[in-house]
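> turn this into a structure:
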Amino acid sequence: MSDFNCRMYEKKYPEENELVMVTVTSVGEMGVYVSLLEYNNIEGMILLSEISRRRIRSLTKLVRVGRQEVVVVVRVDKEKGYIDLSKRRVTPEEITKCEERYNKSKAVHSIIRHLATRLTMDEKVIKPKQLYKQFGWALYTKYQHAYDAFRLSISEPAVFEGFDISPDQLKVLMEIISHKLKPQPMKIRADLEMTCFDYEGIDAIKAAVLASQNHAIQFAQKNAEGQIDDKSFGVVTVTLIAPPLYVMVGTFDDKEKGLAMLSKCVEILGEELEKRKGRLTVKIPARAVGASDDQELDDLMEQLERENELVDGDNSDEDEDEN
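Below is the predicted model of the structure:
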């Protein structure tokens, strides 16, 4: 399938200051070697000084082989093929922005590759790069992103008029787009801190969480009964990370409606907790999260679990000494 690999964009190399999605391939003495997923997996390097703003105590905790990272391009030497990257200069907002763009580009790339495969079965070998040259890269120019053109074509097939695409190719392309571009659920998350030092502390927090979730459940019931028409709704859950840290998460088809729903649930949670002499602090408001956020959350939970195990082990040793 190497013939079906190619870059996602017309330019061969990224530009300086451009955000790119990479996969970590190895860790060396000079830095971390990565492959640029949007540029046909060409190699780049994150120098050790560009990995973190803080002092690096354990490199393996910051980067892992096989993990995807959002980095920014610091320098490109097109003659030698060197690409220097930085992880420490990327802000959380830029990570979200890059992940959204990459997910759209990945969807486009999947459609182009699938189209090339389908056409190759009936005609001579058609490579994805040929289809990008025909119309893919031109769609990026006209619509800012080819994904937006593909989505628009579901309701307005005239999107492809004027582009170098044959009727047979267009027929197959529309079949693939209709199949692949179903609404993709989006995860919305808020990071919270909940405390209640009253006698019913734990029960108060549970009751407040239940009240906030009931708001989402009632919305779902009204939707199911036809009282409202909103298919973007998703289930809302609250998970304990480590007292007093919690996360509220919901999955929605519509980003804006998801943000509104989760924000309302957080508001209700705060009101209900205050009634029970508790306190809610919103550490990070509701926002769309991606794979890197989930990975960071999993890493945090693993770290806290290990720390708890160490504490439990220390207590056990102390008990044995006392005996």
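
> domain boundaries for the protein, per the record?
19-89, 94-180, 186-317 (automatic domain parsing).

> the nearest residue to residue 272 once chain neighbours are set aside: how many residues sit nearby?
What sits nearest to residue 272 in space, not counting adjacent residues and going by Cβ to Cβ, 6 or more residues apart in numbering, is residue 208, at 3.9 Å. C-beta: built from backbone N, CA, C; applies to glycine. When neighbours are counted by other Cβ atoms under 10 Å, residue 208 registers 24.

> phi, psi of residue 208?
phi -70, psi -40 (degrees, to the nearest 10).

> ok, it - contacts?
194, 269, 272, 273, 276, 278, 280 (Cβ atoms under 8 Å, 6 or more residues apart in numbering).

> residues touching residue 65, list them.
24, 25, 26, 27 are the contacts of residue 65 under Cβ under 8 Å, 6+ apart.

> give me the buried subset of these.
24, 27 (16 or more other Cβ atoms under 10 Å).

> and the furthest pair within the contacts of residue 65?
Farthest pair in those (Cβ to Cβ) is 25 and 27. Separation: 9.0 Å.

> quick one: common contacting residues for these two?
Common neighbours of residue 25 and residue 27 (Cβ under 8 Å, 6+ apart) are 33, 65.

> identify the bridge partners of the closest residue to residue 42 other than its chain neighbours.
Distances taken as Cβ to Cβ, 6+ apart place residue 36 nearest to residue 42, at 5.3 Å, with adjacent residues excluded. On the basis of DSSP bridges, residue 36 is bridged to residue 22, residue 42.

> next, the contact list for residue 36, please.
14, 20, 21, 22, 42, 43, 44, 83 are the contacts of residue 36 under Cβ under 8 Å, 6+ apart.

> got the residues you listed as TSV, with pLDDT columns?
Listed next are the contacts of residue 36 as TSV, based on pLDDT from 0 to 100:
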residue	pLDDT
14	96
20	97
21	97
22	97
42	95
43	96
44	96
83	97
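
> that older thread, could I get the domains of the chain as JSON lines with distance to residue 5?
Putting the domains of the chain into JSON lines (distance: least, Cβ to Cβ, whole Å) gives the following:
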{"stretch": "domain 19-89", "distance to residue 5": "6"}
{"stretch": "domain 94-180", "distance to residue 5": "8"}
{"stretch": "domain 186-317", "distance to residue 5": "22"}
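
> tell me how far stretch 41-50 is from the chain's mean position?
21 Å (Cα atoms, centre = their mean, to the nearest Å).

> what lies in contact with that stretch?
Contacts for stretch 41-50 (Cβ under 8 Å, 6+ apart): 5, 13, 20, 22-23, 25, 30-36, 56, 59, 63, 69, 71, 73-74, 81-89.

> buried residues in it?
Buried-residue list, stretch 41-50, by 16+ other Cβ under 10 Å: 42, 44, 45, 46, 50.

> return it as PDB; C-alpha atoms alone will do.
Extracted C-alpha coordinates of stretch 41-50, given in PDB (Å, rounded to 0.1, in the frame of the first residue of the first chain):
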ATOM      1  CA  ASN A  41       5.400  10.800   7.600                       C
ATOM      2  CA  ILE A  42       8.600  12.700   6.800                       C
ATOM      3  CA  GLU A  43      11.000  12.800   9.800                       C
ATOM      4  CA  GLY A  44      11.300  15.700  12.200                       C
ATOM      5  CA  MET A  45      13.100  16.300  15.500                       C
ATOM      6  CA  ILE A  46      12.000  17.900  18.800                       C
ATOM      7  CA  LEU A  47      15.300  19.100  20.500                       C
ATOM      8  CA  LEU A  48      15.500  18.300  24.200                       C
ATOM      9  CA  SER A  49      15.400  22.100  25.000                       C
ATOM     10  CA  GLU A  50      12.100  22.300  23.100                       C
END
